[in-house]
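[1] Turn this into a structure:
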Amino acid sequence: MSAVAVSGSAYAATGPGYTEFCTQPFAKAGGACFYSDDDSFKLTDNYADGLRSVLRWELGDRAKKGTPGYIIRRGECHNALGANKTIVCDYDFPEGKLNGTSRYLVHFKVESQDGPTGSPVYYVGGPIGYVSGR
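    So this is what the prediction gives:
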């Protein structure tokens, strides 16, 4: 049985041409932000603990909410560069509006693990980001 440390709290910031959705920045698992202007994530490993930070994301389609097909894509982004290093993972998500706001939502979290297939050791819950800004 493995123990998983859980951290909460997330924030969103807006500025000219972008919207940023972020996890807690100094969590043991690492910190991540999603940028809706270019569908990218930044993932930072915060600690020299020998573990990699792994961002796991799911893309939801609000037009399918409440159905088994709500999650239309999943993915992972691994940062194995070590402490205080940040990587960028770029994606191309669909765009669109539904009822005046983004049709597509990105749910994400950061976990730290030993190697590419290890079990999560630490976890920080992420926010839900709008793919098309707000």
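[2] quick one: the nearest residue to residue 64 once chain neighbours are set aside and residue 124, what's the gap?
    For residue 64, ignoring the flanking residues on the chain, the nearest one in space by CB to CB, 6 or more residues apart in numbering is residue 70 at 4.8 Å. From N, CA and C alone the C-beta is placed, and that goes for glycine too. From residue 70 over to residue 124 the distance is 23 Å, taken as CB to CB, to the nearest Å.
[3] Show me which of those two is the more surrounded one.
    Higher neighbour count among residue 70 and residue 124: residue 124, with 26 against 15, using other CB atoms under 10 Å.
[4] What pLDDT is listed against residue 102?
    If you check residue 102, the pLDDT there is 89.
[5] Distance of it relative to residue 75?
    18 Å.
[6] Neighbour count: the two, which is higher?
    Just comparing residue 102 and residue 75: by other CB under 10 Å the higher neighbour count belongs to residue 102, 21 against 14.
[7] thought the more buried one was touching residue 93?
    No. Look at residue 102 against residue 93 with CB atoms under 8 Å: they stay out of range, at 9.9 Å.
[8] what sits in contact with each of these two?
    Common neighbours of residue 102 and residue 93, using CB atoms under 8 Å, 6 or more residues apart in numbering, are residue 131.
[9] Wait, a strand at residue 115?
    No. Applying DSSP: H, G, I helix; E, B strand; the rest coil, one finds residue 115 to be coil, outside a strand.
[10] is it true that it touches residue 52?
    Yes. The criterion here is CB under 8 Å, and residue 115 meets it with residue 52 at 7.2 Å.
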